[in-house]
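> Fold the following and give me the result.
(one chain, ligands or ions: 1)
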Amino acid sequence: MALLPILEFPDPRLRTVAAPVDPAQVTTPEFQRLLDDMFETMYDAPGIGLAASQVDVHQRFMVIDLSDEKNEPRVFINPEIVERDGEQVYQEGCLSVPGIFADVTRANSIRVRSIGRDGAPYELDAEGLLAVCIQHEMDHLAGKLFVDYLSPLKREMVRKKLAKQRRQSA
Ligand code: NI
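Model (predicted):
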């Protein structure tokens, strides 16, 4: 397995709209290795979700694990939200926008149709943090970041803060 470099805002590659995964490709060793690498990268960061877009792979899939023990890995390939209900506000962060947290309003509960790592389709009802995380990662696949929900002024402040952080750690 290998740690993959994570792209950071405002890298324009994060704006790429991901292409659907060919379902026949899911069970190939290459794709399975990519999933393993994404989990390793996410756990190492550490984070609770990672979209392929964030590691410069522009295909529609993402990994999530909300457990403290890192033993509940979830894979979403070609995910689609087929139902959404209610609203919730959660203070989100993102491995591509390190050190920045901001309130985002999203659907409270969703039903997602997806393909799992075994190549089989499944549906999942999610609410609370899992629903937030799925919506956040699906945004990445559409080239969207959580800072896009902020005002242009706040987004510019985030960009400057990240640039400063990078200068200080260089
Ligand atoms: Ni993110």
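
> residue nearest the centroid of the chain?
Note on the chain: the residue nearest the mean C-alpha position is residue 137, at 2.9 Å, using C-alpha atoms, centre = their mean.

> Would you confirm that that residue contacts residue 76?
Yes - with contact defined as C-beta atoms under 8 Å, residue 137 reaches residue 76; the gap is 7.2 Å. In this view, the C-beta of every residue, glycine as well, is placed from N, C-alpha and C.

> so what sits against both of those two?
62, 64 (C-beta atoms under 8 Å, 6 or more residues apart in numbering).

> Please report phi then psi for the residue nearest to the centre of the chain.
phi -70, psi -40 (degrees, to the nearest 10).

> Can you give me the pLDDT of it?
We have a pLDDT of 98 for residue 137.

> Check residue 146 too.
So residue 146 comes in at 97 (pLDDT).

> What's the mean pLDDT across the strand of greatest length in the chain?
Longest strand in the chain by number of residues (criterion: DSSP state E): strand 74-85. Average pLDDT, strand 74-85: 98.

> Relative to the whole chain's centre, how far out is the helix or strand following it?
Next in sequence after strand 74-85, counting helices and strands by DSSP states H and E, comes strand 88-92. Here the centre of strand 88-92 is set off from its chain's centre by 15 Å, with C-alpha atoms, centre = their mean, to the nearest Å.

> How about residues contacting strand 88-92?
So strand 88-92 is contacted by 101-108, 128-129, 131-132, 136, 146 (C-beta under 8 Å, 6+ apart).

> What are the buried residues along the helix-or-strand element of the chain with minimal mean pLDDT?
Least confident element among the helices and strands of the chain, by mean pLDDT, DSSP states H and E: helix 152-169 (a mean of 94). Within helix 152-169, the residues scored as buried using 16 or more other C-beta atoms under 10 Å are 155, 158, 162.

> what's near enough to touch the second one?
Residues in contact with residue 158 (C-beta under 8 Å, 6+ apart) are 9, 97, 100, 147, 150.

> Let me know the closest of those to residue 15.
In terms of C-beta to C-beta, no member of these lies closer to residue 15 than residue 9, at 9.9 Å.

> Name the SS class of the closest one, please.
coil (DSSP: H, G, I helix; E, B strand; the rest coil).

> Now do it against residue 28, distance only.
Residue 9 sits 31 Å away from residue 28, taking C-beta to C-beta, to the nearest Å as the criterion.
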